[in-house]
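*Asks:* Based on what follows, work out the 3D shape:
(one chain, ligands or ions: 2)
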Amino acid sequence: MAAGAPSSPRSPKGARPRAAAPAEARAADASPNPNASKGKQRSPTAPARARPTKGRPRSGTIALVGRPNVGKSTLLNALLGTRLAITSHHPQTTRDRIAGILTEGRTQFVFLDTPGVHTPKNRLGQRMNDLATGSAADADVVLFVVDVGPDATPEIRPADAEALHAVPEDKPVVLVLNKIDRVAEKAKLLDVLPTYSALRDFAAVVPLSAKKRDGTKRLLAVIEGLLPEGEHLYPEDELSDRPVRFFVAELVREQVLMRTRQEVPHGVAVTVDAYEERKKLTHITISVHVAKESHKGIIIGQGGKMLAAIGTAARERAERLIGQKVHLDVRVKTTPGWFDDAARLVDLGYGDDGAKPKKRGAGKARTEQRIKP
Ligand SMILES: Nc1nc2c(ncn2[C@@H]2O[C@H](COP(=O)(O)OP(=O)(O)OP(=O)(O)O)[C@@H](O)[C@H]2O)c(=O)[nH]1
Ligand SMILES: [Mg+2]
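*Replies:* Ligands and ions are numbered 1, 2, ... in the order given. Purely as a prediction, here's the structure:
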């Protein structure tokens, strides 16, 4: 995918280099979408607590860290009040560090969604873990996210304990108990607290449901109290440090995650080969890279049906994101074993560039089209 893509979307030179592929399949789709531009609004259910407009500004980075599938990306979206990061029921959905920026009054929250901390099986997995632990080390505040099951059992999963171990001791850490909508007997949550508190001196413990956006206002208030005083890190009208093209690639990957199973989704990478904004239409060419030739047929589907469905759904969401009609051209390529090949990982957007949030005015990428709140 186009992590930190280097130049203006108007320039074809800014396209990520294409990986070599023995064959290509295409699905083009540019039918009109009456809902275009709706997606630019923050949801009306977004946290809307009035924040001070006077006094010293507060600003800082807040890393969302935890094992895969606990709901970090869902929580990021709930805090921002908009669907920025892709989510899925597959573990290891998030592969990059993605900044989501929320400016309320004099306070700016720079949330860093991170990949789930896990036992890596390849270079990609190692990079993902490095991004998570690096973000935790660099951030001002860490939200350590765990999920509670329907029984709210007080046992700590070893994988949770390991992920917490990766968070530096000196960080203010807020323990977020997510998915409380699944717990029928809420009083049981109290039994969970002593077990976790024995692991670390948490700055606060906040039970919530990211999916239902229940408890996010309280979490924002807690975080605000932990943020350092300082000027805002980003312009107020910015929602992410990533350019639009990054999110378009993610939308395509999200469709693949939704429609495929087992090892297929884990072996898929998505790159933007061309991104051209015209007056009334944005032309985008995307490559879906699969790790095995046999996976190519699965993504294309019978008579090209699967690829067409992926293209249509991703295009509709891209149109809402960009606020303009989109012509999306999706190709499928086989790039064997890309997740263990250092050079291929760089080609596919998984180089070292995603490790740190790009600050205001830093580098050429700032000239790329941005998502506005
Ligand atoms: N019931 C319930 N499900 C949730 C909640 N938050 C997230 N989920 C679900 O949990 C699954 C994983 O959510 P993600 O937000 O993708 O999890 P993640 O921690 O970002 O996962 P990785 O990116 O793989 O590390 C999805 O199916 C979500 O819909 C919640 O509050 N309640
Ligand atoms: Mg995620």
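
*Asks:* packing partners for the helix or strand containing residue 329?
*Replies:* In this assignment (DSSP states H and E), residue 329 forms part of strand 325-334. Applying 3 or more CB pairs under 8 Å, 6 or more residues apart in numbering; DSSP states H and E, one finds that strand 325-334 makes contact with strand 25-29, helix 244-259, strand 281-290, helix 293-300, helix 305-322. Where you see a C-beta, it was placed from the backbone N, CA and C, and this is true even at glycine.

*Asks:* Make a markdown table out of these and add mean pLDDT and distance to residue 147.
*Replies:* Output for those, formatted as a markdown table (pLDDT from 0 to 100; distance: least, CB to CB, whole Å):
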| stretch | mean pLDDT | distance to residue 147 |
| --- | --- | --- |
| strand 25-29 | 35 | 36 |
| helix 244-259 | 97 | 19 |
| strand 281-290 | 97 | 30 |
| helix 293-300 | 95 | 29 |
| helix 305-322 | 97 | 26 |
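
*Asks:* what's the closest of the ones you listed to ligand 1?
*Replies:* Closest to ligand 1 of the helices and strands packed on strand 325-334 is helix 244-259 (CB to the nearest ligand atom; 9.2 Å).

*Asks:* May I have the helix or strand just after that closest one as CSV, with CA atoms only?
*Replies:* Reading on from helix 244-259 to the C-terminus, the next helix or strand found by DSSP H and E is strand 269-277. Extracted as CSV, the C-alpha positions of strand 269-277 are listed here (Å, rounded to 0.1, in the frame of the first residue of the first chain):
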residue,chain,number,x,y,z
ALA,A,269,-0.7,-6.2,-0.2
VAL,A,270,-2.2,-3.3,-2.1
THR,A,271,-0.3,-0.5,-3.9
VAL,A,272,-1.4,2.6,-5.8
ASP,A,273,0.2,2.6,-9.2
ALA,A,274,-1.3,5.8,-10.5
TYR,A,275,-3.4,8.6,-8.9
GLU,A,276,-4.6,11.4,-11.1
GLU,A,277,-7.0,14.1,-10.0
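
*Asks:* and strand 269-277, how far out from the chain's middle?
*Replies:* 18 Å (CA atoms, centre = their mean, to the nearest Å).

*Asks:* partner strands of that strand, parallel or antiparallel?
*Replies:* strand 281-290 (antiparallel) (DSSP bridges).

*Asks:* what residue ranges in this protein score low on pLDDT?
*Replies:* Residues of the chain that meet the criterion pLDDT under 70 lie in 1-53, 353-368.

*Asks:* So which bits of it are right by ligand 1?
*Replies:* Counting by CB under 6 Å from any ligand atom, the chain comes close to ligand 1 at 68-74, 87-89, 91-94, 115-116, 178-179, 181-182, 209-211.

*Asks:* what's the distance between whichever residue of the stretch 101-250 of the chain sits closest to ligand 2 and residue 85?
*Replies:* Closest approach between the stretch 101-250 of the chain and ligand 2, counting by CB to the ion: residue 113, at 6.0 Å. Residue 113 sits 5 Å away from residue 85, going by CB to CB, to the nearest Å.

*Asks:* Report the set of residues contacting both of these two.
*Replies:* 73, 76, 94, 98, 100 (CB atoms under 8 Å, 6 or more residues apart in numbering).

*Asks:* Report the entries of those that also contact ligand 2.
*Replies:* 73, 94 (CB under 5 Å from the ion).
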